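Asks: here is my input, please return the structure:
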Amino acid sequence: MNIWQLIRAGGFTMVVLLAASVLSIAIILERIIVYRRNSRVKMADFMVKIRQEMKKERVSAAAELSRDTAAPFSQVIYAGLSFFDRGEKEMFNNMERRIVMETALLERRTPVLGTIGNISVYIGLFGTVLGIIRAFHDISVSGSGGISVVISGISQALVTTAAGLCVAVPAVVAYNYFIKKIDDFTREMELAASEIMDLAGAIKK
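Replies: Below is the predicted model of the structure:
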């Protein structure tokens, strides 16, 4: 069966699952691109450069380096260093706010992916129920049983069940992977903020 035959066999439920699948794939690809772009800079290597600048008390140079680097943790560092002259409490608060903002950007669209993963199975189950109802309806109309009578309803039931699983499994796997990536990014941002506070404290003593 080709895709059009599957859609015809599954009915309206297959159209919904197909739309969910397209949306899921689009979100997965977009998030992969975003996370790869944000992972290009290794935190350990970057922090060596920041430490060197901070030890020389070149705070503005460290801030510029952070600002021009595309990574969530570097933007947190910049948020702290840009408030260097305002006191440690304000530095820390500004970095905390930046962590919240960066985390929100990293989480963008992932709830939609999680929702697709959760409801696709139930949409497929709904199609299964409709298929069984259709099979019994065909029996009642024809007044007799037999495979030729119920084949259309059973086909709908099986196709939508399989389609629901095919949409749900990749979405759930991708969602769990993205949540792990977000946790990793958040941990990096928190570690960067903590180290910047220590470096700033050493300079101000």
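Asks: any chance you could map the helices in this protein?
Replies: For the chain, the helices defined by DSSP state H cover 3-10, 12-38, 43-55, 59-67, 72-81, 88-107, 110-142, 147-204.
Asks: quick one: average pLDDT of the longest one?
Replies: On average, the pLDDT along helix 147-204 is 86.
Asks: packing partners for that helix?
Replies: Secondary-structure packing of helix 147-204 (3 or more C-beta pairs under 8 Å, 6 or more residues apart in numbering; DSSP states H and E): helix 3-10, helix 12-38, helix 43-55, helix 72-81, helix 88-107, helix 110-142. The C-beta positions use only the backbone N, C-alpha and C, and glycine is treated the same way.
Asks: please apply the same query to the second one.
Replies: Using 3+ C-beta pairs under 8 Å, 6+ apart as the contact definition, the elements that helix 12-38 packs against are helix 3-10, helix 88-107, helix 110-142, helix 147-204.
Asks: now those helices as a markdown table including distance to residue 44 and mean neighbour count?
Replies: As requested, the helices and strands packed on helix 12-38 are exported to a markdown table (distance: least, C-beta to C-beta, whole Å; neighbours: other C-beta atoms under 10 Å):
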| stretch | distance to residue 44 | mean neighbour count |
| --- | --- | --- |
| helix 3-10 | 47 | 16 |
| helix 88-107 | 19 | 16 |
| helix 110-142 | 26 | 17 |
| helix 147-204 | 10 | 18 |
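Asks: state the pLDDT value of the closest residue to residue 166 other than its chain neighbours.
Replies: The shortest distance from residue 166 to any non-neighbouring residue, by C-beta to C-beta, 6 or more residues apart in numbering, is to residue 21 (7.5 Å). You'll see residue 21 listed with a pLDDT of 93.
Asks: any idea how far residue 163 is from residue 21?
Replies: 8 Å (C-beta to C-beta, to the nearest Å).
Asks: next: residue 15.
Replies: From residue 15 to residue 163 the distance is 10 Å (C-beta to C-beta).
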